[in-house]
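Trainee: Coordinates for the following, if possible.
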Amino acid sequence: MGKHKVMDLFCGTGGFSKGFENAGDYEVVYGIDLLPQSIETFRLNHGGALAVSGDIRKVARPEIADRLNLRRGEVDVIVGGPPCQGFSSIRPNRSTNYDDPRNTLFEEFAAYVGYWRPKVFVFENVVGLATHKKGVDLEAVQEAFSSLGYETDWRIMNAGHFGVPQKRERLILIGSEPGIPIRWPNPTHSGTFRTIGVRDASRMLRPHEPDLFDAAATTLPPALTVTEAIGDLPPIASGEEALTYDRPPQNEYQRARRSGASALTLHASTRHSAKMLEIIRHAGPNISSIPAHLITSGFSSCYSRLEGDEPAPTITVNFVHPASNKCIHPVLDRALTPREGARIQSFDDDFKFAGVNRNVIAKQIGNAVPPLLGKVIAEAVSRMLGSGTGDEVPVKVHSGAMG
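Mentor: Predicted structure coming up:
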């Protein structure tokens, strides 16, 4: 049996589909994104895939079918995270009109599902979709897929529970053809992380449904920390760069990230101004550590230092600039390097990023779905498709509106 064919819509750098590829059962055949730089990165890391840069609403699906020499039913999995504008305006029957230029970006995702008829699809988005307009938007999403004949279920997943050294939350919705039970990955790491509507996220995966953590909370290892993710990288100062590793990996996570790399790349720090270096030297867990005379304004997370013994907060697109978010190294007086940000996002060190501008690369890293989160989801999907083993519990699915 050949590998399952995967399409990645709104693919960005391809972190999500790289996770599927790393799971071993999948072949990524197609990726599309509006940003040329992101598609170039996708192309560098998915050499066998058709990579298209452009507006998904202007790329005809029959043309893609011809270029791939694939037909309806020959794509097994579609993944992607369409930008979240206009969910509540979705009209379920619109997703059956595969080339309507008025489609919202979500409707384009649904139209791909309707056109290709994959066995499974994985839709990822911001956690706020679950509660926005009291759930109306998420209900519209599920109704659109129901109108195409798919059953769906969703969870809020925190990457820290699945081996990523980061408290990054995403809403994950899995859809399947009738008869294919939806399965979810079991958590591999414990931790009390915030999630929407729930004070203690170690007790909930979804706001309205008990999760799998309770039974394993006392036996799982703690979530990986920032130091465990980046502690093997050479210590460099502001404005410096290291091109080689200077010590062996110190744990399995570091060993896995370095496994395919022949040289150290992207470990170059922003050259901070004298004033910024003075601010950084005072940095603590939040902006209140900075003397008032050094700054004029900022959110609580600005000019803040990461805690080395905790998972990182969500890495943003500006993690090389301390004025924008919490991104100062736990012990060194500088912001994170692109390599350190990529490590916290679980990218392997041999993953290639297009572009020479530090800001452009940081944006690609910060916008990505962590590949390791993609991998654990892919492994659960493999079990849905019958090509994997495991004890995940199948869940009751939604074949219509959310209850």
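
Trainee: For the closest residue to residue 239 other than its chain neighbours, the count of nearby residues, please.
Mentor: In space, residue 239 comes closest to residue 271 once its chain neighbours are excluded; the distance is 3.4 Å by C-beta to C-beta, 6 or more residues apart in numbering. Using the backbone N, CA and C atoms, a C-beta is placed for each residue, glycine as well. Counted with other C-beta atoms under 10 Å, residues neighbouring residue 271 total 12.

Trainee: cool, the one 10 residues further on as well?
Mentor: Here the number of neighbours of residue 281 (other C-beta under 10 Å) works out to 11.

Trainee: Quick check: residue 250 vs residue 306, distance?
Mentor: Distance from residue 250 to residue 306, counting by C-beta to C-beta, to the nearest Å: 18 Å.

Trainee: Compare these two and say which is more crowded by neighbours.
Mentor: residue 306 (27 against 12).

Trainee: Does that one touch residue 319 like I think?
Mentor: No. Judged on C-beta atoms under 8 Å, residue 306 makes no contact with residue 319 at a distance of 9.7 Å.

Trainee: Could you pull out the residues contacting both of the two?
Mentor: By the contact definition C-beta atoms under 8 Å, 6 or more residues apart in numbering, residue 306 and residue 319 are jointly contacted by 327, 336.

Trainee: Next, count neighbours for residue 175.
Mentor: 28.

Trainee: How is it assigned, secondary-structure-wise?
Mentor: Here residue 175 is strand, with the state taken from DSSP: H, G, I helix; E, B strand; the rest coil.

Trainee: Check the secondary structure at the residue nearest to residue 239 for me.
Mentor: Assigned state for residue 271: coil (three-state reduction, three-state DSSP).

Trainee: Okay, it and residue 335: tell me how far apart.
Mentor: Using C-beta to C-beta, residue 271 is found at 10 Å from residue 335.

Trainee: same question, residue 129
Mentor: Residue 129 is 30 Å from residue 335, where distance means C-beta to C-beta.

Trainee: Looking at these two, which is more packed in?
Mentor: Under the criterion of other C-beta under 10 Å, the comparison of residue 129 against residue 335 puts residue 335 first, with 26 against 22.

Trainee: List the contacts of the more buried one.
Mentor: Counting by C-beta under 8 Å, 6+ apart, residue 335 makes contact with 269, 270, 272, 280, 319, 320, 321, 322, 327, 328, 329.

Trainee: In CSV, list the C-alpha atoms belonging to the longest helix belonging to the chain.
Mentor: Using DSSP state H, we find that the single longest helix of the chain is helix 371-384. Taking C-alpha atoms only, helix 371-384 is exported to CSV below (Å, rounded to 0.1, in the frame of the first residue of the first chain):
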residue,chain,number,x,y,z
PRO,A,371,5.6,20.2,13.0
LEU,A,372,5.6,18.0,16.0
LEU,A,373,2.0,18.9,16.7
GLY,A,374,1.3,18.1,13.1
LYS,A,375,3.0,14.7,13.5
VAL,A,376,1.0,13.6,16.5
ILE,A,377,-2.2,14.5,14.7
ALA,A,378,-1.0,12.7,11.6
GLU,A,379,-0.3,9.6,13.7
ALA,A,380,-3.9,9.7,14.9
VAL,A,381,-5.2,10.1,11.4
SER,A,382,-3.1,7.1,10.3
ARG,A,383,-5.0,5.0,12.8
MET,A,384,-8.3,6.4,11.4
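
Trainee: on contacts alone, who are the packing partners of it?
Mentor: In terms of contacts (3 or more C-beta pairs under 8 Å, 6 or more residues apart in numbering; DSSP states H and E), helix 371-384 is packed against helix 15-23, strand 120-125, strand 169-176.

Trainee: run the last query once more with 6 Å
Mentor: Judged by 3 or more C-beta pairs under 6 Å, 6 or more residues apart in numbering; DSSP states H and E, helix 371-384 is in contact with helix 15-23.

Trainee: So which elements touch the helix it packs on?
Mentor: strand 4-9, strand 26-33, helix 371-384.

Trainee: Give me the contacts around stretch 159-167.
Mentor: The contact list for stretch 159-167 (C-beta atoms under 6 Å, 6 or more residues apart in numbering) reads 168, 187-189, 191, 193, 223-224, 229, 311-313, 344, 346, 370, 372-373, 376.

Trainee: Would you mark the buried spots in it?
Mentor: For stretch 159-167, burial by neighbour count (16 or more other C-beta atoms under 10 Å) applies to 159, 160, 161, 162, 163, 164, 165, 166, 167.

Trainee: now, which of those lie within strands?
Mentor: Counting by DSSP state E, those place none of their members in strands.

Trainee: Could you identify the pair within these that is furthest apart?
Mentor: Distance extremes for those: the farthest pair is 163 and 167 at 12.9 Å, using C-beta to C-beta.

Trainee: Break down the stretch 201-350 of the chain into its strands, ranges please.
Mentor: Counting by DSSP state E, counting those that start in this stretch, the stretch 201-350 of the chain has strands at residues 204-206, 209-210, 304-305, 326-328.

Trainee: pLDDT of the third one, averaged?
Mentor: Per-residue pLDDT over strand 304-305 has a mean of 98.

Trainee: Then the first one?
Mentor: Throughout strand 204-206, pLDDT has a mean value of 43.

Trainee: What residue in the protein is the furthest from its centre?
Mentor: In the chain, the residue that sits farthest from the middle, by C-alpha atoms, centre = their mean, is residue 293; the gap is 37.9 Å.

Trainee: For that residue, give me the pLDDT.
Mentor: On pLDDT, residue 293 comes in at 94.

Trainee: Could you check how far it is from residue 275?
Mentor: 11 Å.

Trainee: Tally up the residues packed near the closest residue to residue 221 other than its chain neighbours, please.
Mentor: Computed as C-beta to C-beta, 6+ apart, the closest residue to residue 221 that is not its neighbour in sequence is residue 189, at 5.7 Å. By the measure other C-beta under 10 Å, the count of residues near residue 189 is 19.

Trainee: now residue 354
Mentor: By other C-beta under 10 Å, the residues close to residue 354 number 18.

Trainee: I'd like to know how far it sits from residue 307.
Mentor: From residue 354 across to residue 307, the span is 32 Å (C-beta to C-beta).
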